[in-house]
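Asks: model this:
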Amino acid sequence: MGGNEFPTTQNTWIGQRVHEGGGGRAAVNQHVMRVYAWPLQVYFRGTRDRWLGEPEDIVHGFFADRLAKPGFFSDWQKSGLRLRRWLMNGFCFYLSELRHARRKTASVSLIPESVEDETPTPEEQMDRAFAVAIVRQAMEQAYEQCRSEGLGEHWQVFLKHHYQGMTYRALAGACGVSPARAAVMARTVARKFRRSLRELLARDGAGPDEIDRELESLLEITSHA
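Replies: Numbering: from 1, shown residues only. Next up, the predicted model:
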């Protein structure tokens, strides 16, 4: 490898940060825990391994074990998988290890013989939770951008139009701007929001030709959440 752990993705955010050393790796780990902890908890609740413990404790244990491994992210890059799939696969192995360890010590009565199949599947539940988590993170980033740039009023117009259903005409009366100006303000924030979503999807491993399709899919999923 010539010392390059990320030969095909060295320009990605994760690759760049990991190469920065301890501080960069800590930033990557924080990003992963912030975005993927809840989706993994949702996945865990839908599996037959619920008897192993509380979802939050199990997922935190997984992160503590796997994210500490030096080659964790370089192995992901080599796999070609989306980061959420890589994490889910690793989580399944982690649950298998926990099952093996717990069965040595647990009372047989504590281990369920079977659990009825559920719909949607744990994978589908995790995908939906991931969509909600990543949209939430993009919203937080867009808000912080607006706040730092003095666009608080733009943010309020964006929220009132897209999430409270107010028309631009109604917003004009409420905010003291013209309907055309309200539309421009909402679009300004919408561009920041979609830019944040695209960045987060790229971190998950989506290629340039896949991001737009995934972005629309995420927005459709979360509109029904």
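Asks: What helix or strand is Met166 located in?
Replies: Counting by DSSP states H and E, there is no helix or strand that carries Met166.
Asks: Pretty sure it sits against Lys160.
Replies: Yes: with contact defined as C-beta atoms under 8 Å, Met166 and Lys160 form a contacting pair (4.5 Å). Placement of C-beta: from N, CA and C, glycine included.
Asks: quick one: stretch 53-67 to chain centroid distance?
Replies: Here the centre of stretch 53-67 is set off from its chain's centre by 16 Å, with C-alpha atoms, centre = their mean, to the nearest Å.
Asks: What residues sit buried inside it?
Replies: Taking 16 or more other C-beta atoms under 10 Å as the neighbour-count basis, stretch 53-67 is seen to contain the buried residues Pro55, Ile58, Val59, Phe62, Phe63, Arg66, Leu67.
Asks: do stretch 86-93 as well
Replies: Of the residues in stretch 86-93, those with enough neighbours to count as buried (16+ other C-beta under 10 Å) are Trp86, Leu87, Met88, Gly90, Phe91.
Asks: and the worst-scoring helix or strand of the chain on mean pLDDT, what does it pack onto?
Replies: Ranked by mean pLDDT, DSSP states H and E, the helix or strand of the chain with the weakest confidence is helix 208-223, at a mean of 77. For helix 208-223, the packing partners by 3 or more C-beta pairs under 8 Å, 6 or more residues apart in numbering; DSSP states H and E come out as helix 122-148, helix 179-204.
Asks: overlap in contacts of Met166 and Lys160?
Replies: Residues touching both Met166 and Lys160 (C-beta atoms under 8 Å, 6 or more residues apart in numbering): Ala174.
Asks: re the thing from before, closest to Trp38 out of the buried residues of stretch 86-93?
Replies: Lowest distance from Trp38 to the buried residues of stretch 86-93 (C-beta to C-beta) belongs to Leu87, with 12.2 Å.
Asks: Can you tell me how far the closest one is from Phe158?
Replies: In this structure, Leu87 and Phe158 are separated by 31 Å, where distance is defined by C-beta to C-beta, to the nearest Å.
Asks: Show me the chain divided up by domain.
Replies: 3-110, 122-223 (automatic domain parsing).
Asks: Select from the ones you listed the stretch with the lowest mean pLDDT.
Replies: Set side by side, these give their lowest mean pLDDT on domain 3-110, at a mean of 84.
Asks: Figure out how far it is from the centre of its chain.
Replies: Using C-alpha atoms, centre = their mean, we find the averaged C-alpha position of domain 3-110 to lie 13 Å away from the chain's own average C-alpha position.
Asks: Might one say that Arg82 is in contact with Asp204?
Replies: Yes: the pair formed by Arg82 and Asp204 meets the contact definition of C-beta under 8 Å, at 5.3 Å.
Asks: and Phe193, how many neighbours?
Replies: Burial of Phe193, expressed as a neighbour count using other C-beta atoms under 10 Å, amounts to 22.
Asks: Not counting its neighbours along the chain, what's nearest it?
Replies: Leaving out its chain neighbours, the residue that sits closest to Phe193 by C-beta to C-beta, 6 or more residues apart in numbering is Ala142, at 4.1 Å.
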